[in-house]
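Visitor: Structure for this input, please:
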Amino acid sequence: MMSKLYFFRAVSGIALLIGGLALLVQPQIEQKVAEREEKKLVEAFKQLATTNENSEKAEATKLDLMVKDAKGILIIPKIDLEMLIFEGADANSLNRGVGLLQTKKKFGINNIGLAGHRGASYGKQFNRLDELVMNDEIYVKQGSTEFTFIVEDKYIVDRTRVDVLNELGSPYLTLVTCTPIGAKNPTDRLIVQAKLKSTHKEDI
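Guide: The predicted model follows:
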C-alpha cells in the first residue's frame, strides 16, 4: 500500500515539475518563434532590392485567378496597376506579381502586407506607388469577393522596420517596395497603408 502511495506521489510530483517547466519554457519558445518570423520578414523586405530584369515580362495586363498559385488580384486604378498576388516574397512570387508577406493573415480581417518590385519601365509593378495620395482607392479581388481600401498614409522606413505589418485594430492593406527607384541595393522601403472601406461579394 505504501509503495503504491509513494509511486502515486512520485508520478504526481514529476507531472507537476514538468508542467511547471513547460510554463517557464513556453514564453521563451513563443519569443523564439516570433523572432524567427520577424527575421523572415526582414529578409523579405531586404529582397525587394534584388530586382530581376525578367520580372517585367511576368506582369500580365489581363489577369486571371486560374493562374497557378494566385491568391487574388491587386488593382490600383490611380496608377493603372493590376497584378496577381502570390504567397511569400521570394523571387518566384515577386517575378510574377506581388507577394503576400504573412500567409496566415486574411484580407478584411488583418493588416495584410503586400511586397512588390519597382520595374525599370514606367508603369511597371510598384514603380508608381509613390504617386498614391490620401483617399485613393485600392482593390483586392479574391474569387467572388472584392475588398475596397482607402489610402490613409504613405511614408518611408528602414528595410528592417517590419513593425509596419503589426495589427492596427482594424483591417488594413500595407504595400511595401524599395525606394528610391533605380537605386542599387536601397536600404529604405516605401510604405503605403490603406484602411478597409468595404467588402463586396458577388452573387454566383
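Visitor: helix or strand right after the helix or strand of the chain with the lowest mean pLDDT?
Guide: Lowest on mean pLDDT, DSSP states H and E among the helices and strands of the chain sits helix 55-58, with a mean of 47. Next helix or strand after helix 55-58 toward the C-terminus (DSSP states H and E): strand 72-76.
Visitor: Just the CA trace of that next one, in PDB.
Guide: The C-alpha trace of strand 72-76 is given here as PDB (Å, rounded to 0.1, in the frame of the first residue of the first chain):
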ATOM      1  CA  GLY A  72      -6.000  37.200 -55.700                       C
ATOM      2  CA  ILE A  73      -5.600  40.300 -57.800                       C
ATOM      3  CA  LEU A  74      -4.400  43.700 -56.600                       C
ATOM      4  CA  ILE A  75      -5.900  46.600 -58.600                       C
ATOM      5  CA  ILE A  76      -4.900  50.300 -58.200                       C
END
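Visitor: what mean pLDDT would you report for it?
Guide: For strand 72-76, the mean pLDDT works out to 92.
Visitor: any idea how far the nearest residue to residue 187 once chain neighbours are set aside is from residue 136?
Guide: Leaving aside its sequence neighbours, residue 187 sits nearest to residue 159 (CB to CB, 6 or more residues apart in numbering; 5.4 Å). All C-beta atoms are positioned from the backbone trio N, CA, C, and that covers glycine. Per CB to CB, to the nearest Å, residue 159 is found 24 Å from residue 136.
Visitor: What of residue 75?
Guide: For residue 75, the distance to residue 136 - CB to CB - is 12 Å.
Visitor: Next: residue 157.
Guide: On the measure of CB to CB, residue 157 and residue 136 end up 20 Å apart.
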